[in-house]
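Participant: Starting from these lines, generate the structure:
(chains A and B)
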Amino acid sequence: MGKIIKGGFLAIINVVFIWIALYLLSAQAYLVFALLLLGALLTNFIFILPKGYPYRYLLPAAFFMVLLVVYPIMYTVYISVTNYGTGNILNKEQVIAQFESKYVLEPSSEGYSFQAYRDSQDRLWMLFTDSEGRQMVGHDGELTPVQAGDPLLGQLDGFTELNRVDLVRATNELSAQSFAYDDLHELRMRNINAFSLYLQQYRYDVASDRLTDLQTGTVYEPIDGYFQAPDGTRLTPGFRAVIGFDNFRRLLGNPQITGPFVSVFIWTIQWALLSVATTFVVGLFLAILLNDPHMRLRKVYRSLLILPYAIPAFISALIWRGLFNTELGVINQILRATVGSSVPWLQDPFWAKVALIILNLWLGFPYMMIICLGALQSINAEMYEAALVDGATSWQQFRHITLPLLMVSVGPLLVSSFSFNFNNFSVIYLLTRGRPPIVGAQTPAGHTDILISYTYRLAFESGRGIDYGLASAVTLVIFLITGAITFFNFRFTGALEDVNKNV
Amino acid sequence: MYRKHTFFGGLWRHTVMIVFLVFALFPILWVISASFNPANTLVGQSLIPKNASLVNYKEVFTSEQYPIALWIKNSIVIGLITSALVVVMTSLAAYAFSRFRFKGRREGLFASLLVQVFPQMLAAVSIYLLILSIGKLVPSMGINTHAGLILVYLGGAMGVNAWLMKGYFDTIPNSLEESAMIDGASPFQAYYMIILPLARPILAVIFLLQFIGTYSEFIFASVLISSSEKYTLAVGLQLFIHDQYASRWGVFAAASVLGALPIVILFMFLQKYLVSGLTSGAVKG
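Facilitator: Residues are numbered from 1 along each chain as shown, chains lettered A, B, ... in the order given. Purely as a prediction, here's the structure:
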């Protein structure tokens, strides 16, 4: 019974594999096809060989991890060395096809008057007549010269001729028609009365990999994702191409990009540090007060103080955006009533940062409070008794007993919290969207943008066009930094040793 | 460390507590109050609304242009499906890591730790393009589908979840399964009939953390979903308010209260479990 289920399961999986493989082959995605083949083989081995048994349990998780995490990361690395972005979206073949389908009106060409017919299957047939009365029949992209009395003409008589009104109705269909006249020319619709000869503007030569302008004779050579003439003029659109480390060079060498990038970078570090510091100080302070057995109502305080943490952060951030509203927000109303002046919370770079820190303190202090309470409760009370005997003050007890012991368990969580806030996209994006903008920046950068929101805007929201290449380069910088922090944290907590020990 | 409080000692402690209570609770109370205020604007709101009414809540359920109730439903459905699949997937993987010895086990554990280092959203561009091409093959899993979105969430869900779960499985003694296997149970039956029931607390924690995380996620939801009736609350609410605090504040407040409610309730009931999960390193989204 088990064998039948296993066999059936494997058969279904293989059918899916074959189906995807056929699709990939037809799309000419050979690299992905090879990877798929490898995956299919592995899957079959895992299910057929007894040795593969444990791997069966890992298969679903591993599949999604490889498809949606590992593969995208590798693809990001690849994009970071390309010029992928607005102006270079298409691949080279598509761009060449686009150029080759460009036609210009042949200046010397006279017009051809035409009549249009439909046969019984509704297909279009054309009869062209030039100024000297010579006639051609056009159908399905091909032209056939005809003399008077040609059987083809007789055939046309059997079809329905389109009258003036029909012609106007069929304008779109007619203007999509093109008939090869000779090697260089096509017959296309010029206006409702006439067709004309059009000249192909560009011709691509596969052997030399050059694009030639047939009218001017200029030869374009593909350089860095563009077809470029000897005098340096580039044809647009460009195509996707590997351009090496240009994106990283732009990040570090182009003042209009480097300036904002560095300022975004510095604020990211400040933001992560300040977020951890403020939430930790407040959380620890409250935890110490709440851990005091003489404190009345401490259970009530505790469960109420936790509330901000229970609300989804995206809702809280949007609510606070309303509270911080400069004209109407309640915070400024209170300030006006008490201090007599208001604060431009979301318009001024400094105050926008303050607003973010306040919001993040609100969101994050309950978490710190919870973990500090847990850690405080695990500290042995005898330590304090010994300290009291030695005559230590409260501050000395805190400094020399509480803090060091607390740090053992809370320290790694602080580091995780740092890297979480380093990439805390939602708070930044929902409260300030990175605004106010940095004046004079070539990329869409704002004073409160952190690296990750900056990347998002480069890739998805730039008014001046998207720049996937640059966005991916910034992404890799973030990868490296987050990776380094986490590696340090692993070493610190011994998570890596855990892995070793467990084998 | 703690001594009995003097009068002033008690006074300053409670003053500090009250200050932080105001800080923590004021925004919440303010929004709840706004949700009952029929004026629907930031202007002239007071903490206790005059002429309190349910107008805003009615709008949440009946607005045709902004189907907020539908967005909440979408978020809940996507969250439930994702969390259920994640629990199945990670418990299978964690069982293998905990009970079998095989080649690549150490590397696999290490990889699941490493993967959480890289926030999935950093690869948003690649993932967008990937889902786009999956959509060409299977249109029901492409861009602007809930299935495509769930697919992305499944990919990002390994890592800390598998690690937490494996840690819990390790604490369940082997002897139960061994005796079951002597009676002829297969390893899969041991997993299904012994380990899973015993591991219920950790399954609940993972399910909840995943549900809360998915419910709040809005980056992929906004990149991948483009039609209004498919939005999740995280995307829809943000587009709904879109800086129109002056004219939509009341309805927004009602939507916020309703949207936060499922999570707050879950959180309150399962605080005890969640706290243990949190202290072992999980971070809420």
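
Participant: can I see the domain layout of chain A?
Facilitator: Annotated domains of chain A cover A:2-80, A:92-97+A:203-239, A:103-200, A:264-501 [automatic domain parsing].

Participant: And the second one, end to end?
Facilitator: With CA to CA, to the nearest Å applied, domain A:92-97+A:203-239 spans 5 Å between its terminal residues.

Participant: try stretch A:296-316
Facilitator: 29 Å.

Participant: anything in it near chain B?
Facilitator: Yes. For a cut-off given as CB under 8 Å from any CB of the partner chain, stretch A:296-316 has contacts with chain B, namely A:296-297, A:301, A:304-316. Just so you know, the C-beta spots here come from the backbone N, C-alpha and C atoms, and that holds for glycine as well.

Participant: separation between whatever residue of chain A ends up closest to chain B and A:A61?
Facilitator: Nearest to chain B, among the residues of chain A, is A:L68, at 2.4 Å (CB to the nearest CB). Distance of A:L68 to A:A61, given as CB to CB, to the nearest Å: 11 Å.

Participant: just B:Y57 next, same as before
Facilitator: From B:Y57 over to A:A61 the distance is 41 Å, taken as CB to CB.

Participant: So which of those two has more stuff around it?
Facilitator: A:A61 (27 against 19; other CB atoms under 10 Å in any protein chain shown).

Participant: So the more buried one sits against B:N161, correct?
Facilitator: No. Contact criterion CB atoms under 8 Å: A:A61 and B:N161 do not qualify, at 9.2 Å.

Participant: which residues are in contact with both of those two?
Facilitator: B:T90 (CB atoms under 8 Å, 6 or more residues apart in numbering or on different chains).

Participant: check contacts around B:I150.
Facilitator: Residues near B:I150 by CB under 8 Å, 6+ apart: B:I78, B:I81, B:T82, B:L85.

Participant: which residues does the residue of the stretch 101-250 of chain B found nearest chain A contact?
Facilitator: The stretch 101-250 of chain B approaches chain A most closely through B:G155 (2.4 Å), counting by CB to the nearest CB. Applying CB under 8 Å, 6+ apart to B:G155 gives the contacts A:F64, A:M65, A:L67, A:L68, A:V69, B:Q120, B:I127.

Participant: Now it: closest residue in space that isn't a chain neighbour?
Facilitator: In space, and not counting its chain neighbours, B:G155 is closest to A:L68: 2.4 Å by CB to CB, 6 or more residues apart in numbering or on different chains.

Participant: what's around that neighbour, how many residues?
Facilitator: Per other CB under 10 Å, the neighbour tally for A:L68 reads 24.

Participant: try the one 10 residues further on
Facilitator: One way to gauge burial is a neighbour count; for A:Y78, by other CB under 10 Å, it gives 13.

Participant: Please spell out which residues along the helix or strand it falls within are buried.
Facilitator: Per DSSP states H and E, A:Y78 falls inside helix A:71-80. Residues of helix A:71-80 classed as buried: A:Y71, A:P72, A:I73, A:Y75, A:T76, A:V77, A:I79, A:S80 (neighbour count, 16 or more other CB atoms under 10 Å in any protein chain shown).

Participant: what's the first one in contact with, if anything?
Facilitator: Right, the one you point to is A:Y71. By CB under 8 Å, 6+ apart, the residues touching A:Y71 are B:S126, B:L130.

Participant: That one and A:S80: what is the separation?
Facilitator: Separation of A:Y71 from A:S80 (CB to CB) stands at 15 Å.

Participant: ok, the closest residue in space to B:A39 that isn't next to it in sequence - contacts?
Facilitator: Spatial nearest neighbour of B:A39, excluding adjacent residues (CB to CB, 6+ apart): B:G250 at 6.5 Å. Neighbour list for B:G250: B:A34, B:S35, B:N37, B:P38, B:A39, B:N40, B:T41, B:V55, B:N56 [criterion: CB under 8 Å, 6+ apart].

Participant: Need the buried ones from those selected in ChimeraX.
Facilitator: Selection of buried members from these for ChimeraX, criterion 16+ other CB under 10 Å:
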select /B:34,35,37,39,40,41,55,56
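
Participant: tell me what the helix or strand harbouring A:I12 is packed against?
Facilitator: Using DSSP H and E, A:I12 falls within helix A:2-26. Judged by 3 or more CB pairs under 8 Å, 6 or more residues apart in numbering or on different chains; DSSP states H and E, the packing partners of helix A:2-26 are helix A:30-48.

Participant: what comes up buried for the helix it packs on?
Facilitator: A:F33, A:L36, A:G39, A:A40, A:T43, A:I46, A:F47.

Participant: Could you count how many residues lie near the spatially closest residue to the fourth one that is not a sequence neighbour?
Facilitator: Spelled out, that is A:A40. Closest residue to A:A40 apart from its sequence neighbours, by CB to CB, 6+ apart: A:F17 at 4.3 Å. When neighbours are defined as other CB under 10 Å, A:F17 has 17 of them.

Participant: and A:F17, what does it touch?
Facilitator: A:L36, A:G39, A:A40, A:T43.

Participant: a markdown table for those residues, including pLDDT?
Facilitator: A markdown table is the format used below for those (pLDDT from 0 to 100):
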| residue | pLDDT |
| --- | --- |
| A:L36 | 86 |
| A:G39 | 88 |
| A:A40 | 89 |
| A:T43 | 88 |
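
Participant: Report the buried residues of the helix or strand that A:L304 is a member of.
Facilitator: Using DSSP H and E, A:L304 sits in helix A:298-305. Neighbour-count burial for helix A:298-305, counted by 16+ other CB under 10 Å, picks out A:R298, A:Y301, A:R302, A:L304, A:L305.

Participant: So the second one sits against B:A24, correct?
Facilitator: No. No contact is recorded between A:Y301 and B:A24 when judged using CB under 8 Å, the distance being 9.8 Å.

Participant: Check which helices and strands the biggest helix by length in chain A sits against.
Facilitator: As assigned by DSSP state H, the longest helix anywhere in chain A is helix A:255-291. In terms of contacts (3+ CB pairs under 8 Å, 6+ apart), helix A:255-291 is packed against helix A:246-253, helix A:298-305, helix A:349-377, helix A:403-422, helix A:451-456, helix B:7-35.

Participant: Can you tell me which of the ones you listed is most buried?
Facilitator: When these are scored by mean count of other CB atoms under 10 Å in any protein chain shown, the highest mean neighbour count falls to helix A:451-456 (a mean of 25).

Participant: can you state the direction angle for the helix or strand just after that one and helix A:403-422?
Facilitator: Using DSSP H and E, the next helix or strand after helix A:451-456 towards the C-terminus is helix A:468-493. Calculated by axes from the mean of the first three to the mean of the last three CA atoms, to 10 degrees, helix A:468-493 forms an angle of 170 degrees with helix A:403-422.
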